[in-house]
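J.: My questions are about this predicted structure, shown below with the sequence.
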Amino acid sequence: MQGAIDAFNGADEGSLALEEGGSKLSITKGVGQGPSGTPVILLDQPIAGLTDLNNAGVELSERVTENGDHIFYEVFGTRTAVSTEIDLQDAFVIIDITLDVLDRSTGSQVVERGKSLQMKLNARANVAPKASNVSIGRKQLTRAVPENRTLQRSALSLQFFKGNPNASIPTGTLFLLPFPLSVNGSNEFTCDQPPANGGEEDINSTHVNSEPENKFAVDFTMPSGTEIFAMRDGVVVSVEESHPDLPVDSTTGQTKPPPTAADRDKANTVRVRHADGTFAEYVHLKKDGAAVAVGDAVTAGTTKIGESGNSGFSTGPHLHVVVLKVKFNETANSTSLVSIPFQIKGPTGTGVTPAKGQKFKRTS
C-alpha cells in the first residue's frame, strides 16, 4: 500500500500499515508419511511480494509439515536490518490467510458437496527487535495424510504497526527514581502531579482528567539543569531536544507568560524502549539537553538521559515521566499510545505510587 513505509518509519509507535498479497505456493506431491511425533517438512520458504513489510524490517516465511496423520501450515516472522530507527522498534503483525485444501495426488482443490474446501488462518504476533522465526500463527488439517490431502495458501492480507499492544510490565518490576543520588540529604524532589492512581489524585486534575497518554504520568518539580537518569534498562528509540525553554519568572518560579496550546507539541523528550516492549518517556528536558542518542543502551540509575528544563506545555521547571504502550483499537482499526501504571522503588526498597506533595530522594 502506498505510504505504508512512511507510516511505519516516520510516525509514532502504533502507526498502522496495510498490505495484501495473493501469490500461491507449490507443494511437493506424494511425500511420504512421517511417524507420529516426527515432523516432516514438506515446504519451507519466504513469502514473496510483501515489500512494505520487508522495508519495515520483517520477513515472513511459511512452512508446511506432516506429523503423524496431520498437516500443519505455519507462518513465521524474522527481523532484518533496515535502519537504526526501524530496527529498534517492535513490529506487530496481523495476518489473514486463506488456505486451499488440495488432493496431494492431483494437486487439485478438494471439493465436497459441491463446495471447494478452504481454511482460514487469522493470527497475530509481535516480532521484537532482532527476533528470528517467531510463530505468527498455525493451522492444522486433521487426518490429512490418510486422506492424501495438504494445504496451500491462496490469498494473504496483513496489517502491521510499530509497538507491541501485548506489552506489559513484569510483576514486581520497580522503576528507579530518575534523579541523582541523594548525598547528605541533597537532591530531594517533590511530586507535584501524581498519576491518576496516586495519592491525593482527586486534586490532581492535570493527570486524572488527562488524555490516556498522560493519565499515569508523574511530575517532579525540579530546577532546570537537574541531571536525569534512566529509570530502567533499555534502548533509546527517539530523541527531541530542539525546542526552546519557556521563560520563568524569577520571583514565582513559574512560566511567564503561561504556556499556550501552541506549546503542547514542543516538549523536548527522550523515549526509551524496555525489553518488555513498554516505553519510558522523559519530558520537558532543556533545549539541547539530551545526553543520549537513538540506539544507545541505557542502564537504570547509571546512564544520564539528559537535563531537566521547561520546554513544551509546562507551567514551571519540572520533569514529566510516563510509561507507555501501544493500544490497538480493533473496532476503529486504529492505534494509539497509552500510559500504564508503574511503581517506583521507594526508600525501603518496596514499590511506591507517588502521592501529590510527597518528597523523594534516590538512595540506590
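T.: Yep, it's here.

J.: Shouldn't Pro170 be within a helix?
T.: No - applying DSSP: H, G, I helix; E, B strand; the rest coil, one finds Pro170 to be coil, outside a helix.

J.: Now do it, the pLDDT please.
T.: We have a pLDDT of 97 for Pro170.

J.: Tell me how far the nearest residue to it once chain neighbours are set aside lies from Leu246.
T.: Residue nearest to Pro170 in three dimensions, not counting chain neighbours: Asp276, with 6.1 Å by CB to CB, 6 or more residues apart in numbering. All C-beta atoms are positioned from the backbone trio N, CA, C, and that covers glycine. Distance of Asp276 to Leu246, computed by CB to CB, to the nearest Å: 34 Å.

J.: What ranges does the stretch 51-200 of the chain have for its strands?
T.: Taking DSSP state E, counting those that start in this stretch, the strands of the stretch 51-200 of the chain run over residues 58-67, 70-79, 91-103, 111-112, 115-116, 118-127, 134-141, 149-162, 188-193.

J.: Adding mean neighbour count, mean pLDDT and distance to Val239 as columns, could you present these in CSV?
T.: Below are the strands of the stretch 51-200 of the chain laid out as CSV (neighbours: other CB atoms under 10 Å; pLDDT from 0 to 100; distance: least, CB to CB, whole Å):
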stretch, mean neighbour count, mean pLDDT, distance to Val239
strand 58-67, 20, 97, 24
strand 70-79, 21, 98, 22
strand 91-103, 21, 98, 21
strand 111-112, 10, 96, 59
strand 115-116, 10, 96, 54
strand 118-127, 17, 98, 24
strand 134-141, 17, 98, 28
strand 149-162, 22, 96, 16
strand 188-193, 20, 94, 23
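
J.: and Glu240, which of those strands is closest to it?
T.: Evaluated with CB to CB, the strands of the stretch 51-200 of the chain place strand 149-162 nearest to Glu240, the distance being 16.6 Å.

J.: How far away from the center of its chain is that closest one?
T.: Taking the mean of its C-alpha atoms, strand 149-162 sits 23 Å from the chain's own mean (CA atoms, centre = their mean, to the nearest Å).

J.: Could you do stretch 93-103 as well?
T.: From the chain centre to the centre of stretch 93-103 is a distance of 27 Å (CA atoms, centre = their mean).

J.: for stretch 234-253, same thing?
T.: Worked out by CA atoms, centre = their mean, stretch 234-253 lies 25 Å from the chain centre.

J.: How many neighbouring residues does Asn166 have?
T.: By other CB atoms under 10 Å, the residues close to Asn166 number 15.

J.: How about it, nearest residue that isn't a chain neighbour?
T.: In this structure, Asn166 finds its nearest non-sequential neighbour in Asn126, 6.0 Å apart by CB to CB, 6+ apart.

J.: Report the beta-bridge partners for the one you found.
T.: Judged by DSSP bridges, the bridge partners of Asn126 are Phe92.

J.: Just to check, it is in contact with Lys162?
T.: No - counting by CB atoms under 8 Å, Lys162 is not a contact partner of Asn126; they are 10.6 Å apart.

J.: Cheers, nothing more for now.
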